[in-house]
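K.L.:
Based on what follows, work out the 3D shape:
(one chain, ligands or ions: 2)
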Amino acid sequence: MQQGTGEKNLVKQKDDLSRTLKRIDRKGYKAYKDIFGVYDFGGYVLAVDHVQGDPFAAPSRVCVITKRQATRFSQDLFSNRIRVTAAADFLTRCFSDAAKRIVRGGRGMGKSGLVGIDRPGQEVLPRNSCVIDEDSVQVRFVVGLPAAGRTILGNEALSIFFEEIPRVVEASLRVGPVDERAFREHVDAVEDQEVLRERLGEMGLVAFVGNGSILPRRSGVDDRPLTSGAIPFQSPESLRVSVDLPHRGSVIGMGIPRGVTLIVGGGFHGKSTLLVALERGVYPHVPGDGRELVVTDPGAVKIRAEDGRYIERVNISPFITNLPYGRDTSAFSTDNASGSTSQAANIIESLEMGARVLLIDEDTSATNFMIRDERMQELISKEKEPITPFVDKVKKLHSDFGVSTVLVMGGSGDYFDVADTVIAMENYLPEDVTDRAAEVAARHRAARTDEGGEAFGEITQRTPVPDGFDPSRGKRDVKIDAKGLYKILYGREDIDLSGLSQLVDESQTRAIGNIIHRYATRYATRGLKLSEGVREVYRDMEERGLDDLTPYRTGNLAQPRIFEVAGAINRMRTLSVK
Ligand code: ADP
Ligand code: MG
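P.N.:
Numbering: from 1, shown residues only. Ligands and ions are numbered 1, 2, ... in the order given. Alright, predicted model coming up:
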């Protein structure tokens with residue numbers, strides 16, 4: 001069979017694989033190395049790309065490559081880039097479901113018998129667990145090659161390769177077993193969300209929340225929709241907009257306009273839930289998630305306080321000046337940031353990368369960064385307070401740079417003076433209280449003084465030096481991996497990403513590690529600014545896909561956003577900036 005996927009190895013017959021497995025049965029585990037290679041299984045090609053060293057090591061990497069024609073899926077499912085991304089996501093889920101159903105597992109020690117694929121969550125991301133090109137579909141997964149102790153269980157391996165995997169392929173990569181209606185619904189839903197995202201700009205919006213959306217999640221550790229007692233979202237009349245989508249047709253919901261938007265309301269009335277939905281709205285969601293019509297500007301970045309973080313030469317002077325003992329805030333560095341300096345740095349670093357919208361929740365903000373009232377202004381004079389509170393900068397951020405803010409603020413009315421839109425959450429439903437907030441503000445004139453000055457201030461672009469990115473550890477030249485969603489092992493360093501709440505998939509975290517390495521070796525060495533250098537890596541990925549990030553074929557990378565990549569670089573304690 002022709003593969004059209006650039007397999008360098010000679011394609012062997014599947015009987016070669018069965019002969020090898022019989023031959024190495026009961027031998028030492030290392031003999032499994034003999035099954036490395038590419039095999040023709042008739043309907044598909046199976047590539048054993050990497051063989052694990054022992055039953056407890058990371059399982060072996062395997063890939064199935066099938067002709068697109070052989071799948072018999074309609075061509076329209078793959079007719080543009082976003083549909084291909086959605087289709088690859090859907091087929092990954094199908095493969096995962098089929099493997100769960102069909103694969104017996106538990107065929108010996110350690111991971112023996114496992115057949116696993118990188119499982120997506122509620123968001124649909126470009127990922128390389130499934131790669132679809134003009135004429136083929138590749139699915140990459142891992143297999144735990146079975147053993148008792150270190151003794152190869154050849155017959156168990158035969159069952160996996162000759163019974164289970166063929167059935168999984170049949171169940172997940174062929175029309176019939178795969179319901180093409182559900183497939184199309186998935187692809188159409190994702191395309192609709194991307195079209196809606198593109199339209200936000202021309203409608204003057206930073207986000208759209210469709211009527212009927214289910215925003216609350218099942219629990220803090222379960223991202224699926226709350227099933228019982230969830231109140232569906234309903235737009236207030238005055239913020240209602242309608243949009244025509246290619247597949248779903250006309251949809252109605254709340255448009256959040258550009259500028260400064262406050263979300264107010266009593267505690268436990270759904271403010272943070274709305275904001276989290278907006279954070280996640282930078283990604284498309286699967287049908288049934290409840291947030292399929294919650295779509296946010298792709299340049300929206302969640303900002304929070306993150307005390308303890310590392311900061312390297314960030315110009316935080318728009319917010320902070322006159323630190324004790326004359327510390328420079330135009331190139332501010334610290335190993336241990338305070339709440340306010342970390343929040344200031346998080347904003348400036350996001351602006352440096354071209355953020356268009358800031359999403360802020362009072363729950364995770366530093367109070368002294370957000371507000372400074374009249375009484376405090378009188379007691380502690382401006383000269384003695386290094387911080388210019390966000391309330392005095394938020395409007396200038398929009399007028400000077402066109403950057404909007406959506407802010408959850410139930411605790412201070414000082415923001416009424418600077419808000420363009422005020423949304424009140426009451427019993428989980430939004431109300432437009434912009435006019436009432438303006439009346440209240442007029443009645444109780446704030447006696448506080450605006451400390452924000454004429455302009456927002458300068459956003460300084462920084463240029464990292466390449467020495468800060470040594471990826472070696474021990475005997476390894478390059479040791480980069482993800483450890484959970486919020487941690488990257490990069491050489492001898494652990495990068496803590498727990499401040500980056502818009503990361504949604506560990507495979508994104510893994511990709512960030514690889515992107516940093518690419519950035520460091522290709523672009524930091526050229527003296528490019530951080531934002532330019534990271535964008536260059538994305539240009540490469542645009543052309544060559546996520547596979548460009550690793551020297552060999554993997555299936556466990558998902559695309560992160562530039563903001564989280566820069567966020568990780570900025571949190572590397574070895575980062576050094578010119
Ligand atoms: P706030 O930030 O206003 O204090 P939260 O957004 O944290 O409130 O929500 C409080 C609780 O209400 C959470 O447990 C959340 O899951 C739940 N909740 C939020 N929105 C809804 C809704 N539309 N329907 C049902 N429960 C909701
Ligand atoms: Mg809250």
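K.L.:
alpha carbons only for contacts and neighbour counts from here, please
P.N.:
Noted.
K.L.:
Next, count neighbours for G42.
P.N.:
G42 is flanked by 11 other residues according to other CA atoms under 10 Å.
K.L.:
what do you get for G229?
P.N.:
Neighbours of G229 (other CA under 10 Å): 7.
K.L.:
and what of K483?
P.N.:
K483: 14 neighbours (other CA under 10 Å).
K.L.:
could you check the distance from the spatially most central residue of the chain over to A366?
P.N.:
With distances taken as CA atoms, centre = their mean, L503 lies nearest the centre of the chain, 3.9 Å away. Counting by CA to CA, to the nearest Å, the gap from L503 to A366 is 22 Å.
K.L.:
What of I512?
P.N.:
Taking CA to CA, one finds I512 at 28 Å from A366.
K.L.:
In three-state terms, how would V139 be classified?
P.N.:
strand (DSSP: H, G, I helix; E, B strand; the rest coil).
K.L.:
State the number of residues packed around the nearest residue to it once chain neighbours are set aside.
P.N.:
Nearest in space to V139, with sequence neighbours left out and distances taken as CA to CA, 6 or more residues apart in numbering, is C130 at 4.5 Å. Other residues lying near C130 total 28 when counted by other CA under 10 Å.
K.L.:
now E202
P.N.:
Count around E202 with other CA under 10 Å applied: 7.
K.L.:
Please apply the same query to A147.
P.N.:
Using other CA under 10 Å, A147 has 27 neighbouring residues.
K.L.:
How many neighbouring residues does the closest residue in space to it that isn't next to it in sequence have?
P.N.:
Nearest non-adjacent residue to A147, counting by CA to CA, 6+ apart: L153, 4.9 Å away. When neighbours are counted by other CA under 10 Å, L153 registers 24.
K.L.:
What of G212?
P.N.:
G212 is flanked by 16 other residues according to other CA under 10 Å.
K.L.:
ok, now D477?
P.N.:
11.
K.L.:
Work out for me the element the closest residue in space to it that isn't next to it in sequence sits within.
P.N.:
In space, and not counting its chain neighbours, D477 is closest to P471: 6.7 Å by CA to CA, 6+ apart. Here P471 is covered by no helix or strand, with elements defined by DSSP states H and E.
K.L.:
what do you get for H517?
P.N.:
helix 506-518.
K.L.:
Run through the neighbouring helices and strands of the helix or strand just after that helix.
P.N.:
Counting by DSSP H and E, the next helix or strand C-terminal to helix 506-518 is helix 530-544. Judged by 3 or more CA pairs under 8 Å, 6 or more residues apart in numbering; DSSP states H and E, helix 530-544 is in contact with helix 562-570.
K.L.:
Flag every residue of this protein that's near ligand 1.
P.N.:
With CA under 6 Å from any ligand atom as the criterion, the chain meets ligand 1 at residues 215-217, 229-232, 267-273, 428.
K.L.:
Quick check, G555 in contact with D118.
P.N.:
Yes - look at G555 against D118 with CA atoms under 8 Å: they come within range, at 7.0 Å.
K.L.:
neighbour count winner among I512 and A366?
P.N.:
I512 (29 against 21).
K.L.:
now the more buried one, nearest residue through space, not along the chain?
P.N.:
The nearest residue in space to I512 (CA to CA, 6+ apart) is V565, at 5.6 Å.
K.L.:
wait, the one you found sits on H517?
P.N.:
No - using CA under 8 Å, V565 is not in contact with H517; the gap is 10.9 Å.
K.L.:
picking that back up, how about the residue nearest to A147, what does it touch?
P.N.:
L153 makes contact with 25-26, 146-147 under the criterion CA atoms under 8 Å, 6 or more residues apart in numbering.
K.L.:
Just the ones of those in helices?
P.N.:
Among those, DSSP state H puts none in helices.
K.L.:
Redo the residues you listed as CSV? Include pLDDT and distance to V243.
P.N.:
Below are these laid out as CSV (pLDDT from 0 to 100; distance: CA to CA, whole Å):
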residue, pLDDT, distance to V243
D25, 98, 62
R26, 98, 64
P146, 98, 54
A147, 97, 57
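K.L.:
Highest neighbour count among the residues you listed?
P.N.:
P146 (30 neighbours).
K.L.:
How much space separates that residue from ligand 1?
P.N.:
Separation of P146 from ligand 1 (CA to the nearest ligand atom, to the nearest Å): 43 Å.
K.L.:
who's in contact with that residue?
P.N.:
Counting by CA under 8 Å, 6+ apart, P146 touches 55, 107-109, 111-113, 152-154, 156-157.
K.L.:
Looking at those, which is nearest ligand 1?
P.N.:
Distance to ligand 1, by CA to the nearest ligand atom, is smallest for K111 among the contacts of P146, at 36.7 Å.
K.L.:
Double-check that closest one against A147; I have them as touching.
P.N.:
No - applying CA under 8 Å, one finds K111 not in contact with A147, separated by 9.1 Å.
K.L.:
overlap in contacts of the two?
P.N.:
Common contacts of K111 and A147, defined by CA under 8 Å, 6+ apart, comprise P55.
K.L.:
what about G113, neighbour count?
P.N.:
If you count neighbours by other CA under 10 Å, G113 ends up with 24.
K.L.:
Also T151?
P.N.:
20.
K.L.:
shouldn't it be in contact with R26?
P.N.:
Yes - at 5.2 Å, T151 counts as touching R26 under the criterion of CA under 8 Å.
K.L.:
Was I right to think G43 contacts T66?
P.N.:
Yes - using CA under 8 Å, G43 is in contact with T66, at 6.8 Å.
K.L.:
And the two? Which one has more around it.
P.N.:
Each of G43 and T66 has its neighbours counted (other CA under 10 Å); T66 has more, 25 against 15.
K.L.:
Dihedrals phi and psi, the more buried one?
P.N.:
The phi/psi pair for T66 (degrees, to the nearest 10) reads phi -130, psi 150.
K.L.:
Quickly note the distance from it to ligand 1.
P.N.:
Taken as CA to the nearest ligand atom, the span from T66 to ligand 1 is 43 Å.
K.L.:
pLDDT score assigned to the closest residue to that residue other than its chain neighbours?
P.N.:
Using CA to CA, 6+ apart and skipping the chain neighbours, the partner closest in space to T66 is Y44 (4.5 Å). pLDDT, Y44: 98.
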